[in-house]
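[1] sequence and predicted structure are below.
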Amino acid sequence: MNAPFLRQSSRPVTQTRKKRIDELSVLPVFFNLTGKQVLIIGGTDAAAWKAELLAAAGAKVFVHAASYSDDFKALIKSSADRFYIRRQHQLATDIAEASMVICDAPNAHAAKQVRSIAKLYGVPVNIIDQPEHCDFQFGSIVNRSPAVIAISTSSAAPIFGQAIRRRIEMVLPAKLSAWAALAQQFREKANAMLAPGHERRSFWERFVDKAFREEVKPSSTEELIEAAKNIKSGASRPSILTHIGYRVDDPEMVTIKAMRALQSADVIVHSSTTPDAILELARREAKRVCVDDPNIANAPAGKHVVKLIEGNPCLFDQLEASPKTTSCVPETA
């Protein structure tokens, strides 16, 4: 008998299925801790950092410690409404009622004790710097909240994870935080204005383009409403022309703004001498068009075209053009 709460698939069963993802060493998940009780055991600097992360995620942080580092004391003082100092006799109860437990254990014996109690109550536990006793791990974080990126190396090389974080930080502008918040606020309105499928996808593609090019302004909401109306009416989106300079002898000498533009471009116009190292910075879906003189190309209607110009690596010019712009880019683009 089929369970009434299980969704039934109308697709025919096939014998083979294409694999969509390679093996993962860990499963990346995001835990909503707003208003949830979590437990920190230990008063060290390392425990303070984990406590600060949990408080930033909106958790109620219960703390058990015999003593506290100066940093931990300062943290508690600065956010007294987020932290609850507990007594030793309350430990078992606090573990049982916690959503997760983080412990800076002084040795393996203490780590096993905390883990055994947590497992008894089915509470996930993290023992700082002792991965063999952990149910979950903390990764390096790129914070553009409500957009959050976490990076894990499965404890193999934390410094490697930090290096990856720094590079992502360079590519993602800080203004994305404000755009992500605006996306949360505008999502319901966009869904009401636009039909599922092509219309909504087109709108959010335009939203992303604006997020990487502009700061959030007082008029941004009105501009998004206008963009949604244009999509509904079938009007073409504006074209964007971006000129980026580069040096053949040093292709890594590109600006952060140039990297962001390449990641958002629909078409990359370049010459035969443009180094592959530059072209590889663009997103995979972008069309690459090789011409004798990149300056001859205009922007196809509704597209973002990046023209790579040999010379000054600091060159960056961007222009929003009319959607009626005639394209000199070959039709294959």
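    Done, it's in. Model, not experiment: these values are computed from the prediction.
[2] in this protein, what residue spans correspond to helices?
    45-56, 70-78, 91-97, 108-120, 158-171, 176-193, 198-213, 220-233, 256-264, 276-279 (DSSP state H).
[3] just put the ones you listed in JSON lines and tack on mean pLDDT.
    Formatted as JSON lines, these follow (pLDDT from 0 to 100):
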{"stretch": "helix 45-56", "mean pLDDT": "95"}
{"stretch": "helix 70-78", "mean pLDDT": "94"}
{"stretch": "helix 91-97", "mean pLDDT": "93"}
{"stretch": "helix 108-120", "mean pLDDT": "93"}
{"stretch": "helix 158-171", "mean pLDDT": "84"}
{"stretch": "helix 176-193", "mean pLDDT": "93"}
{"stretch": "helix 198-213", "mean pLDDT": "85"}
{"stretch": "helix 220-233", "mean pLDDT": "91"}
{"stretch": "helix 256-264", "mean pLDDT": "83"}
{"stretch": "helix 276-279", "mean pLDDT": "89"}
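[4] what's the closest of these to residue 127?
    helix 108-120 (4.5 Å; C-beta to C-beta). C-beta here means a position set from N, CA and C on the backbone, and glycine is covered the same way.
[5] show residues contacting that closest one.
    By C-beta atoms under 8 Å, 6 or more residues apart in numbering, the list of residues contacting helix 108-120 from outside reads 41, 91, 92, 95, 101, 103, 105, 124, 125, 127, 130, 133.
[6] if we can go back for a sec, which of the helices of the chain sits closest to residue 37?
    Between residue 37 and those, the tightest spacing by C-beta to C-beta is seen for helix 91-97, at 5.8 Å.
[7] how much space between residue 170 and residue 164?
    In this view, residue 170 and residue 164 are 11 Å apart by C-beta to C-beta, to the nearest Å.
[8] okay, the two: which has more neighbours?
    residue 164 (18 against 11; other C-beta atoms under 10 Å).
[9] could you list the domains of the chain?
    37-138, 139-172, 176-233, 239-321 (automatic domain parsing).
[10] now render those domains as CSV, adding distance to residue 23.
    Shown next, in CSV, are these (distance: least, C-beta to C-beta, whole Å):
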stretch, distance to residue 23
domain 37-138, 17
domain 139-172, 12
domain 176-233, 30
domain 239-321, 22
